[in-house]
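> model the following, please.
(one chain, ligands or ions: 2)
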Amino acid sequence: MKALVIRPEVKKALQENIPVVVLESTIIAHGMPYPQNKETALRVEEIIREEGAVPATIAVIGGRLQVGCGPEEIELLARGGEKLPKVSRRDIPYLVSKGLSGATTVAATSLIAALAGIPVFATGGIGGVHRGAETTFDVSADLEELATSKVAVVCAGAKAILDLPKTLEVLETKGVEVIGYRTDLLPAFYSRESDYPVNHRLDTPEEIAALMKAKWNLGLEGGVLVANPIPEEHSLPKEKIEKAIQAALSEMESLGISGNKTTPFLLAKVKEITGGRSLEANIALVYNNARLAARIAKAYSELK
Ligand code: PSU
Ligand code: MN
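Ligands and ions are numbered 1, 2, ... in the order given. Alright, predicted model coming up:
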């Protein structure tokens, strides 16, 4: 496929069965401000290397589906920020046909990872069913993609701005296993736990890799979701975050913000209200997820 470009280091790793971990780029361009976004993106890659895996940040660059971004491309994504398009599955053909660049969401990143044959992906939080979805119909394409692409997505749960029980219901309907890593309750992104149970709890990367293998050996389509709680020392009190989210939601409503602007707006607003503490938590949980993802990738590569 001409549009798919795999960085030589990543290609070599795939050929030699060296574990690879994919990363998304919407979190860089739309999820965090400059320069923290760039520092985080580079540090995440470093953590994956420390664990003996090869990082591959995915984005659309000049109309190409780029698997593995170099420092120049990370800089472009970090500086581009909101000016860059946020790319979901639906947007890919437009960018490719026009030769444009954009930042890929969990949905678009999973799709491209699956095209490249890379089964492990680390991110912060996935998109899901938004609060009020019964009237807005706002359900992230991330869920549909989890049902389609063969990728294990390591996250800190669904973003706390979402409706968690509805998100779990949709994942169940779509046949997506939700694994709690060393937890029985779904983590709520900024806080270690929510009131809602995960599908199954697993305590080691090896068990997670075995589950992935079992699923795909059966010929089942779609991915698995690995929910990894934010480290204790970085977790924020649930009530405080909930208050900030409520305030952000009502401001969003009064401004009439909708569609794919919703998530970036809410994340930025919550950051403002918490005096930056939510951003610190976000960065810490991404590092934590990258480490676990690298260990899962390693365990999975040893099974093959
Ligand atoms: N989680 C974060 N920061 C982010 C996102 C998730 O901590 O920026 C992004 C991811 O790229 C996710 C997207 O796929 O938000 C979901 O957007 P939407 O709800 O429009 O599908
Ligand atoms: Mn949406």
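
> ok, the nearest residue to Val129 once chain neighbours are set aside to ligand 1 distance?
Leaving out its chain neighbours, the residue that sits closest to Val129 by Cβ to Cβ, 6 or more residues apart in numbering is Lys166, at 3.9 Å. To be clear about C-beta, it is placed using only N, CA and C from the backbone, and glycine gets the same treatment. Distance from Lys166 to ligand 1, counting by Cβ to the nearest ligand atom, to the nearest Å: 13 Å.

> hang on, Ser194 packs against Asp184?
No. Applying Cβ atoms under 8 Å, one finds Ser194 not in contact with Asp184, separated by 11.0 Å.

> of the two, which one has the most company?
Higher neighbour count among Ser194 and Asp184: Ser194, with 20 against 10, using other Cβ atoms under 10 Å.

> residues contacting the more buried one?
Shown in contact with Ser194 (Cβ atoms under 8 Å, 6 or more residues apart in numbering): Gly157, Leu164, Leu185, Leu186, Pro187, Ala188.

> before we move on, what SS does it have?
Under DSSP: H, G, I helix; E, B strand; the rest coil, Ser194 falls in the coil class.

> what are the phi and psi angles of it?
Main-chain torsions, Ser194, degrees, to the nearest 10: phi -110, psi -170.

> bridged to the residue lying closest to it once chain neighbours are set aside, which residues?
Spatial nearest neighbour of Ser194, excluding adjacent residues (Cβ to Cβ, 6+ apart): Ala188 at 4.1 Å. Judged by DSSP bridges, the bridge partners of Ala188 are Gly157, Ser191.

> and the residue lying closest to Ala244 once chain neighbours are set aside, how close does it get to ligand 1?
Among residues not flanking Ala244 along the chain, Ile273 sits closest, at 4.1 Å (Cβ to Cβ, 6+ apart). For Ile273, the distance to ligand 1 equals 16 Å [Cβ to the nearest ligand atom].

> surely Ile273 and Ser250 touch.
No. The criterion here is Cβ under 8 Å, and Ile273 misses it with Ser250 at 11.7 Å.

> quick check, stretch 11-27 touching ligand 1?
Yes. For stretch 11-27 and ligand 1, the contact criterion (Cβ under 6 Å from any ligand atom) is met by Glu24, Thr26, Ile27.

> number of residues surrounding Tyr34?
By other Cβ under 10 Å, 14 other residues sit near Tyr34.
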